[in-house]
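*Asks:* Predicted coordinates and the sequence they were generated for:
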Amino acid sequence: MPLAGVRQVDVGVVDIKIPEVPNACVAVVPVSYNPQVSYGLIVYLPAPGKFDRDELVDRWKELGEASDLIVLAPQPKSDKQWTRTEVEFIRKPVDQAIATYNIDPTRVVVYGHQAGGAMAYLTAFQSPELFSGVIAVDAGLPARMQLPDNGPISRIAIYTTLVKSSRLAERVNQGIEKFREMKYPVTVKEVPLPRDLNEDEIDELARWIDALDRI
């Protein structure tokens, strides 16, 4: 039964519409959503290519229910690439989700795979006051990207995967060294092959997100 005086919101798989842009965006909101509970927000940026909505739901629905997480998946305009100008678009559904749901500001993270990982870095560091963590899977820092100082007010933690045999390993390592030099908290997850995180690793990531207010 709905709580008296509480505004009802959409739950389950929700299409997020941003009128002024052509990009699609979908959210996976726990059907057990309770406005009296604070939820973490994962902004998931997939690698360019055909977007698989069912795979997104299968991947995140159960975890979201168990860990009080809402997953937001903005998609690039082109299925061939993300562009730097789309950082502005990504921010719009994030702001909309924060205005609609009870979001814990210490658990707002952006997660990207491959080219989505580069966009995750760009997105997080353009709005360091908003994001508390960035997860880059099989992705290095974008070329010529300037990192802001990691201050106590806008502190961002980094979770990155490293595949020692990957062609990107050198760039990933350079990014790790740069983060550590600038005193960013960095968690490095070594994986055997260039791929997205598997189910066990996603569960581990959820625990990392829960601990962000203590990092």
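*Replies:* Sure thing, it's come through.
*Asks:* just the helices in the chain please.
*Replies:* Assigned by DSSP state H, the helices in the chain fall at 53-67, 87-100, 115-126, 169-181, 199-210.
*Asks:* Could you list every helix and strand in contact with the second one?
*Replies:* It stands for helix 87-100. Contacts defined by 3 or more Cβ pairs under 8 Å, 6 or more residues apart in numbering; DSSP states H and E place helix 87-100 against strand 25-29, strand 39-45, strand 69-74, strand 103-113, helix 115-126. (C-beta placed from N, C-alpha, C; glycine too.)
*Asks:* Could I get the ones you listed in JSON lines, plus columns for distance to residue 178 and mean neighbour count?
*Replies:* JSON lines is the format used below for the helices and strands packed on helix 87-100 (distance: least, Cβ to Cβ, whole Å; neighbours: other Cβ atoms under 10 Å):
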{"stretch": "strand 25-29", "distance to residue 178": "31", "mean neighbour count": "23"}
{"stretch": "strand 39-45", "distance to residue 178": "21", "mean neighbour count": "25"}
{"stretch": "strand 69-74", "distance to residue 178": "26", "mean neighbour count": "25"}
{"stretch": "strand 103-113", "distance to residue 178": "18", "mean neighbour count": "23"}
{"stretch": "helix 115-126", "distance to residue 178": "11", "mean neighbour count": "24"}
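*Asks:* for the ones you listed, which one sits closest to residue 54?
*Replies:* Set against residue 54 and scored by Cβ to Cβ, those come closest in strand 25-29, at 11.0 Å.
*Asks:* Kindly provide the distance from residue 67 to residue 150.
*Replies:* Distance, residue 67 to residue 150, using Cβ to Cβ, to the nearest Å: 26 Å.
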